[in-house]
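> take a look and give me a structure for this.
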Amino acid sequence: MSLFSPTAVVAEDEAALRGELVEQLGKLWPELSIVGEAADGLEALRLLDQHRPDILFLDIEMPGATGIDVARQVNGRAHVVFVTAYDQYAIAAFDQGAVDYLLKPLAGARLFTAISRLKARLGQAPAPLGGVIDQLAERPAPSAARAPLRWINASVGQTLRLITVDEVLFFQSDNKYTRLGLKDGEALIRKPLKELIDELDPQQFWQIHRSTLVNVNAIASVSRDFRGRMQIKLKHGTESLLVAESCAHLFRQM
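Below is the predicted model of the structure:
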């Protein structure tokens, strides 16, 4: 292993997030050489055997072979940074001595901290992962935990953009698509509103109409128009959202 030109494999099944992680690593750690990118666990294992990287950025939930399966094979062969959308996994990984963890969506400052820790440990043997693997294997799958959706791949014109749910002012059904209202415009996704209702945090996103979900944090005021219809004014933009009478009770305590 060379301390001057460490190598890494990035294993993440979401293409947009994988690309973002590789791009940020290139900016924050230009000396690091990304020798392989994997979209599933089996490819990650193949790249591990082929390149024997110093570092593995490993998504816990992947098709083919899960991150837990991959970690069993990696154990002691590379420094591991777990990538996950679920805090319970991340905390377990960190407490058991894994190099570090990254939560989705990625934050530049958090990645910089992980890089600093990696640099400090490159001269040491990789941390054993037996303890964390056992804990992860015993925990319920993320789908069972039903952790709220945290980020979305959405189309903005011809560009695919990674958007955190905190950026979304509202979701609104629009023919075959769902429209996302953003501070800087709008985006489209194919996921129907009924699926989003089940996946989003109900404390943050309220259904105010059969076709609309609103981010509670984006509400500036609620009023009635001359027809008596309740409407929401948002903190950003000029668009008003109609509130169905069946949903008016949500705002009685506001």
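> and Glu20, that one's in a strand?
No - using DSSP: H, G, I helix; E, B strand; the rest coil, the assignment for Glu20 is helix, not a strand.
> my read: it touches Leu160, true?
No - when contacts are counted by C-beta atoms under 8 Å, Glu20 is not listed as touching Leu160 (11.0 Å). Just so you know, the C-beta spots here come from the backbone N, C-alpha and C atoms, and that holds for glycine as well.
> between these two, point out the one with more neighbours.
The residue with more neighbours, out of Glu20 and Leu160, is Glu20; 17 against 13, by other C-beta atoms under 10 Å.
> contacting residues for the most centrally placed residue in the chain?
What sits nearest the mean C-alpha location of the chain, by C-alpha atoms, centre = their mean, is Lys104, with 3.0 Å. Taking C-beta atoms under 8 Å, 6 or more residues apart in numbering, we find Lys104 in contact with 17, 83-85, 150-151.
> which segments of the chain make up each domain?
7-145, 156-251 (automatic domain parsing).
> hmm, back to that, between the contacts of Lys104, which sits nearest Val35?
When the contacts of Lys104 are compared for distance to Val35 (C-beta to C-beta), Val83 wins out at 17.3 Å.
> what about that closest one, how many neighbours?
28.
> likewise Leu250?
Other residues close to Leu250 by other C-beta under 10 Å number 16.
> just checking, Val81 is part of a strand?
Yes - the assignment for Val81 is a strand, going by three-state DSSP.
> now do the contacts for it.
55-58, 98-102, 114, 118.
> in the sheet, who's paired with it?
Val81 has the following beta-bridge partners by DSSP bridges: Phe57, Asp100.
> in stretch 76-83, what's buried?
77-83 (16 or more other C-beta atoms under 10 Å).
> state the mean pLDDT of it.
Averaged across stretch 76-83, the pLDDT comes to 90.
> which residues touch the host helix or strand of Lys233?
Using DSSP states H and E, Lys233 falls within strand 230-234. By C-beta under 8 Å, 6+ apart, the residues outside strand 230-234 that reach it are 169-170, 181, 208, 214, 218-225, 240-243, 245, 248, 251.
> rerun at 10 Å
Residues outside strand 230-234 that contact it (C-beta atoms under 10 Å, 6 or more residues apart in numbering) are 169-170, 181, 183, 206, 208-209, 212, 214-215, 218-225, 239-245, 247-248, 250-251.
> where does the stretch 1-150 of the chain dip in pLDDT?
1-4, 86-99, 135-147 (pLDDT under 70).
> show me where it has helices.
Under the criterion DSSP state H, counting those that start in this stretch, helices of the stretch 1-150 of the chain are mapped to 15-28, 41-51, 67-74, 87-95, 108-121, 130-138, 142-145.
> Ala187: which of those helices is closest?
So among the helices of the stretch 1-150 of the chain, helix 15-28 is nearest, using C-beta to C-beta, at 12.8 Å.
> list the buried ones in that closest one?
16-18, 20-22, 24-25.
> between that helix and helix 108-121, how many degrees?
If you take axes from the mean of the first three to the mean of the last three C-alpha atoms, to 10 degrees, helix 15-28 sits at 60 degrees to helix 108-121.
> show me what helix 15-28 is packed against.
strand 7-11, strand 33-38, strand 55-59, strand 79-84, helix 108-121, strand 151-156, strand 159-164 (3 or more C-beta pairs under 10 Å, 6 or more residues apart in numbering; DSSP states H and E).
> contacts only, for Phe205.
Phe205 touches 148-149, 165, 168, 170-171, 196-197, 199, 213-218, counting by C-beta under 10 Å, 6+ apart.
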